[in-house]
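Engineer: Sequence and predicted structure are below.
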Amino acid sequence: MIKLKNAVEDHVVDSYQSLRPHFPEFCGCEMCRADVVVYALNRLPPRYVATLEGTVVTEVNLDKQQGRASIDVAVMDGFRRVAMSPRCGKAPVGV
Ligand SMILES: [Zn+2]
């Protein structure tokens, strides 16, 4: 079965994981992690690919406009926003 996937999602998850150590005060629970990923994805242009179910998505090259830098910026903004008002009930922190 063919599935559609936004390839930017993998890049945002990678970016989250590499930036997470820079925000030690950030809660980082499942909900806060998802909120950062969603925040970034909603602010980045999607890059859809059609994939055969069960196969590994080959690395999709992002064009310059939606490159690594803009993804990192969106994820960092997400860390700050979510840390200020975590939905999980943790006290807000400035990061
Ligand atoms: Zn949390």
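Structural biologist: Structure received. Predicted, not measured: the structure shown is a model, and the values here were computed from it.

Engineer: From here on, just use CA atoms for contacts and neighbour counts.
Structural biologist: Fine.

Engineer: What count of nearby residues applies to Phe41?
Structural biologist: Not quite, residue 41 is Leu, not Phe. 21 (other C-alpha atoms under 10 Å).

Engineer: Likewise for Leu4?
Structural biologist: Counted with other C-alpha under 10 Å, residues neighbouring Leu4 total 11.

Engineer: Could I get the CA-only coordinates of the helix or strand of the chain with the lowest mean pLDDT as PDB?
Structural biologist: Between all helices and strands in the chain, the lowest mean by mean pLDDT, DSSP states H and E belongs to strand 48-52, at a mean of 88. Taking Å, rounded to 0.1, in the frame of the first residue of the first chain, the C-alpha atoms of strand 48-52 are listed here in PDB:
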ATOM      1  CA  TYR A  48       5.300  15.100   0.800                       C
ATOM      2  CA  VAL A  49       6.600  11.900  -0.500                       C
ATOM      3  CA  ALA A  50       4.800   8.700  -1.600                       C
ATOM      4  CA  THR A  51       6.200   5.600  -0.100                       C
ATOM      5  CA  LEU A  52       5.500   1.900  -0.300                       C
END
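
Engineer: Strand partners (parallel or antiparallel) of it?
Structural biologist: If you go by DSSP bridges, strand 48-52 pairs up with strand 2-6 (antiparallel).

Engineer: Please pull up the helix or strand immediately following the partner strand.
Structural biologist: helix 8-19 (DSSP states H and E).

Engineer: Quick check: what element follows that following helix along the chain?
Structural biologist: helix 30-41.

Engineer: quick one: buried residues of that next one?
Structural biologist: 32-33, 35-41 (16 or more other C-alpha atoms under 10 Å).
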